[in-house]
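Undergrad: Need a 3D model of the sequence below.
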Amino acid sequence: MEPRKTVPHADWIEARKALLEKEKEFTRARDALSRERQGLPWEKVEKDYVFQGPDGEESLSDLFEGRSQLIVYHFMYGPDWDAGCKSCSFLTDHFEPAIVHLNQRDVSMIAVSRAPLEKLQAFRKRMGWGFKWVSSLENDFNRDYHVSFSEKEIDGGEVYYNYANQRFPSTEAPGASVFAKDGDGTVYHTYSVYQRGLDMFITAYHYLDIVPKGRDEGDLPYTMEWLRLHDEYDR
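TA: I've put the predicted structure just below:
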């Protein structure tokens, strides 16, 4: 890698402090945005979704596991796929270790996919993950939260994803949805995020953002082309 512009230490400090002011401004803006996100109105979940989980059939309410807040990661894994999505797996490698800490803040976190439970369990074992993963194959959950589409919709040219009609290359899409449960057991949908909004969950990208070459994806066919499942890099 060729070095960039080189300056004396005093000049470097001046440049760094100028950038620090912008970083502080960004942090304050991010904190304000987080407060707005937390202040969004809620919508009551009207359907009784039943998922296939490791303990049998479970409702959406059951997935809270005694806590009042639930994060669902919409993991791309179609019913006929041989393996889970490599990009979703990359993101999952980051949230898996965080769950024990989230639990201490009244938050449960799970993954939901349309693949049959047997496939989810086998892939989870292969990846060495321990989080809870349930199948939505027998319900409308994925379609209602706009992360699964029919072949007809894909062939038609546009699907409804990330709050807009757009082209999408797959019948499965990534996302995360947040739910809350009140003292009476009523479940509410409070937030959903898709596409680049999921970037905040990927710690490795934030590490790459502080090195000189950054994410270094500009010359790739698509941004995550370089990714592999974490047990495939040595191949």
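
Undergrad: What count of nearby residues applies to the spatially closest residue to residue 186 that is not a sequence neighbour?
TA: In this structure, residue 186 finds its nearest non-sequential neighbour in residue 44, 6.5 Å apart by C-beta to C-beta, 6 or more residues apart in numbering. Placement of C-beta: from N, CA and C, glycine included. When neighbours are counted by other C-beta atoms under 10 Å, residue 44 registers 9.

Undergrad: isn't residue 44 right next to residue 184, touching?
TA: No. Contact criterion C-beta atoms under 8 Å: residue 44 and residue 184 do not qualify, at 11.4 Å.

Undergrad: from the chain's centre, how far out does the lowest-mean-pLDDT helix or strand in the chain sit?
TA: One helix or strand of the chain scores below all others by mean pLDDT, DSSP states H and E: helix 151-156, with a mean of 92. A distance of 24 Å separates the centroid of the chain from that of helix 151-156, by C-alpha atoms, centre = their mean, to the nearest Å.

Undergrad: Ok, stretch 172-190 next?
TA: The answer for stretch 172-190 is 14 Å, by C-alpha atoms, centre = their mean.

Undergrad: before we move on, what about stretch 66-76?
TA: The gap between the average C-alpha position of stretch 66-76 and the chain average comes to 10 Å, counting by C-alpha atoms, centre = their mean.

Undergrad: From one end of it to the other, what's the distance?
TA: 27 Å (C-alpha to C-alpha, to the nearest Å).

Undergrad: do stretch 94-105 as well
TA: For stretch 94-105, the end-to-end distance is 18 Å (C-alpha to C-alpha).

Undergrad: For residue 19, list the residues it contacts.
TA: Residues near residue 19 by C-beta atoms under 8 Å, 6 or more residues apart in numbering: none.

Undergrad: Quick check on residue 139: phi, psi?
TA: Note on residue 139: its backbone torsions stand at phi -140, psi -180 [degrees, to the nearest 10].

Undergrad: burial of it, as a residue count?
TA: 18.

Undergrad: The nearest residue to residue 98 once chain neighbours are set aside: neighbouring residues, count only.
TA: In this structure, residue 98 finds its nearest non-sequential neighbour in residue 109, 7.6 Å apart by C-beta to C-beta, 6+ apart. By other C-beta under 10 Å, 21 other residues sit near residue 109.

Undergrad: Residue 109 contacts residue 71, doesn't it?
TA: Yes. Between residue 109 and residue 71 there is a contact at 4.3 Å, judged by C-beta under 8 Å.

Undergrad: Got phi/psi on the residue nearest to residue 186?
TA: phi -70, psi 140.

Undergrad: how far away is it from residue 68?
TA: For residue 44, the distance to residue 68 equals 15 Å [C-beta to C-beta, to the nearest Å].

Undergrad: low pLDDT regions in this protein?
TA: 235 (pLDDT under 70).

Undergrad: just so I have it, where are all the strands in it?
TA: Assigned by DSSP state E, the chain shows strands spanning 43-44, 50-53, 56-59, 69-74, 107-113, 133-135, 159-161, 164-166, 175-181, 187-194.
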